[in-house]
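**Student:** Sequence plus the predicted model coming up.
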Amino acid sequence: QVQLVESGGGLVQATGSLRLSCAASGRTDISHAIAWFRQAPGKEREFAAAISWAGSTDYAGSVRGRFTISRDNAKNTVTLQMNRLKPEDTAVYYCAAKVGAYSNSASLYDSWGQGTQVTVFS
């Protein structure tokens, strides 16, 4: 398993940008896909973006074109660049890891960070 720590959340005005980071430790020698999920108050956790070990990516329709996920395997970090933020992007953002291919299903991920709060105000 890997251990994940998120950072970079905060308070930002609508149309602004934030960059989230996910630092991995532990069994980083095993190829993991990394995903970002988010959970708004009173709502279920939802998929935002994912990246494979090799760099293939996938995005939820609600963030495609505004968010960019990337990774640096040498530094064991994954970044989520969030641009043109909207109030509806407000949520706790979690990074998660799984061995093998990425998925948009949270139940398939077995390592999770503690989450970082993103608040977008209009």
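**Tutor:** That came through, no problem. Numbers count the residues shown, from 1 in each chain.
**Student:** Now the residue nearest the centre of the chain: closest residue in space that isn't a chain neighbour?
**Tutor:** By C-alpha atoms, centre = their mean, the chain has its centre lying nearest to Trp36, at 2.3 Å. Closest residue in space to Trp36, ignoring its immediate chain neighbours: Ala48 at 4.5 Å, by C-beta to C-beta, 6 or more residues apart in numbering. Where C-beta positions appear, they are placed from N, C-alpha and C, glycine not excepted.
**Student:** Same question for Ala33.
**Tutor:** Using C-beta to C-beta, 6+ apart and skipping residues adjacent in sequence, the residue nearest Ala33 is Tyr102, 3.6 Å away.
**Student:** my read: that neighbour touches Trp53, true?
**Tutor:** No. Using C-beta atoms under 8 Å, Tyr102 is not in contact with Trp53; the gap is 9.1 Å.
**Student:** got any residues that touch both of the two?
**Tutor:** Ala33 (C-beta atoms under 8 Å, 6 or more residues apart in numbering).
**Student:** Settle it for me: which of those two has more neighbours?
**Tutor:** More neighbours surround Tyr102 than the other of Tyr102 and Trp53, with 24 against 16 (other C-beta atoms under 10 Å).
**Student:** With that, I have no additional questions.
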